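Q: 3D, please:
(one chain, ligands or ions: 1)
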Amino acid sequence: MIDIEGLSKKFGERTLWHDVSLTVGQGEMLALIGPSGSGKSTLLNCLGLLDRPNAGAIRHEGRDITRFSRREARLFRRDVLGYLFQGYALIENATVEENLEVAVKPRRALRGKTGQSLGQALQRVGLAGRHKETVHRLSGGEQQRVALARLIVQQPTLVLADEPTAALDRDNTAMVLDSLREMSRSGCAVVIATHDDTVREACDNVFAVGAPLASQSS
Ligand SMILES: Nc1ncnc2c1ncn2[C@@H]1O[C@H](COP(=O)(O)OP(=O)(O)OP(=O)(O)O)[C@@H](O)[C@H]1O
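A: Purely as a prediction, here's the structure:
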C-alpha cells in the first residue's frame, strides 16, 4: 500500500532521519515510536503531504506521492487520507453532525449515503443521538470519539494518527484502538506516532524513528 524508500529529512544542517525504508501494508497497523524530537510527526507529515522529504520516495499504488502535482495532492488528501490528532482538529463551535458532514461532502464517492452512515458512525463510537450537540461542550474523550466517527464516515484507505490517545483515559484509548483496528480489518493502512505502550502493543509492527533499521520489528 505504502512503500517508503530511502527517505531522508533535514531541517537546516540537522538530519532528522536518513535513508528510511519501510512498507505499510493494506490492513496493517504500524506504530512509529522514538524519543521526543526524533521526527515521528515529521514522518507522518511527509506521508500526509504536509511536508516534503529531502530525498527518497513514498510510493502509493506505485506512484511517488512526493512528486504529486498540487491537484494530485489534493485528490490524494481527499480520497485516500484520514487524520486523527491528539488535539482532535474539530470545528469547535459547530455541532457533531456538522463536523461529520463537512468531512464527507468533498468525498464524491460517499455522497448520497451520508444520513445513515453518520448515525451508524456515531453509534459505533458511543455517541448515538448526540449529533446536535456543539463540539466545544463535549469532553476531550468525547471529542476524540467525534474525530473517530469522522474518520469512519470518510472511509480513508490510509489513516495517519499523531498521538491520538495522549490525552485520553483507558476506556477512550480502547475505543480509539478498537475503531482503528476495525478500519484496518476492512483494508485500511494505519500509521500511528505514539509514546503510549498500549498503542504500540496493539499494532502489528513497530518502527523506531531515528534509530537504525535493525530496530524495525515485525
Ligand atoms: N518546520 C520545521 N522547521 C524546523 N525544525 C522543525 C520543523 N518541524 C519540526 N522541526 C523539528 O524537528 C524535530 C522533530 O520534530 P517532530 O515533531 O517530528 O518530533 P516527534 O518525534 O514527533 O516529537 P514528539 O514525540 O515530541 O511529538 C524537532 O526538533 C522539531 O523542532
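Q: neighbours of Asn45, how many?
A: 18 (other C-beta atoms under 10 Å). C-beta here means a position set from N, CA and C on the backbone, and glycine is covered the same way.
Q: which residue packs closest to it, ignoring adjacent ones?
A: In space, and not counting its chain neighbours, Asn45 is closest to Asp51: 3.8 Å by C-beta to C-beta, 6 or more residues apart in numbering.
Q: wait, is the one you found part of a helix?
A: No. Secondary structure of Asp51 (DSSP: H, G, I helix; E, B strand; the rest coil): coil, not part of a helix.
Q: confidence score at it?
A: Model confidence at Asp51, given as pLDDT, is 95.
Q: burial count for it?
A: 15.
Q: can you tell me which helix or strand of this protein has the lowest average pLDDT?
A: helix 114-124 (a mean of 80; mean pLDDT, DSSP states H and E).
Q: could you give the angle of the next helix or strand after it to helix 114-124?
A: Per DSSP states H and E, the first helix or strand lying C-terminal to helix 114-124 is helix 140-154. For helix 140-154 against helix 114-124, the angle by axes from the mean of the first three to the mean of the last three C-alpha atoms, to 10 degrees is 140 degrees.
Q: buried set for helix 140-154?
A: 141-154 (16 or more other C-beta atoms under 10 Å).
Q: what is the rounded mean pLDDT of that helix?
A: 92.
Q: please, where are all the helices along this structure?
A: Assignment of helices within the chain using DSSP state H yields the ranges 40-47, 70-79, 96-104, 114-124, 140-154, 170-185, 197-202.
Q: and the least confident helix or strand of the chain, which residues are buried?
A: Applying 16+ other C-beta under 10 Å to helix 114-124 flags Thr114, Ser117, Leu118, Gly119, Ala121, Leu122, Arg124 as buried.
Q: and those residues as a markdown table, adding distance to the ligand?
A: Converted to a markdown table, these look like this (distance: C-beta to the nearest ligand atom, whole Å):
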| residue | distance to the ligand |
| --- | --- |
| Thr114 | 34 |
| Ser117 | 32 |
| Leu118 | 32 |
| Gly119 | 35 |
| Ala121 | 28 |
| Leu122 | 30 |
| Arg124 | 28 |
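Q: pLDDT weak spots in this protein?
A: Applying pLDDT under 70 to the chain picks out residues 107-116, 211-218.
Q: show me it divided up by domain.
A: 1-80+156-218, 87-155 (automatic domain parsing).
Q: does the longest one come close to the ligand?
A: Yes. Against the ligand, domain 1-80+156-218 shows contacts by C-beta under 6 Å from any ligand atom at Phe11, Leu16, Gly34, Ser36, Gly37, Ser38, Gly39, Lys40, Ser41, Thr42, Ala193.
Q: middle-most residue in this protein, spatially?
A: Leu160 (2.0 Å; C-alpha atoms, centre = their mean).
Q: okay, and the beta partners of Lys9?
A: Trp17 (DSSP bridges).
Q: hmm, it is touching Asn54, no?
A: Yes. Counting by C-beta atoms under 8 Å, Lys9 does reach Asn54; the two are 5.8 Å apart.
Q: same drill for the two, tell me which one is more crowded.
A: Lys9 (21 against 13).
Q: can you name the residues that contact that one?
A: Thr15, Leu16, Trp17, Gly39, Thr42, Leu43, Cys46, Asp51, Pro53, Asn54 (C-beta atoms under 8 Å, 6 or more residues apart in numbering).
Q: same thing but 7 Å
A: Leu16, Trp17, Gly39, Thr42, Cys46, Pro53, Asn54 (C-beta atoms under 7 Å, 6 or more residues apart in numbering).
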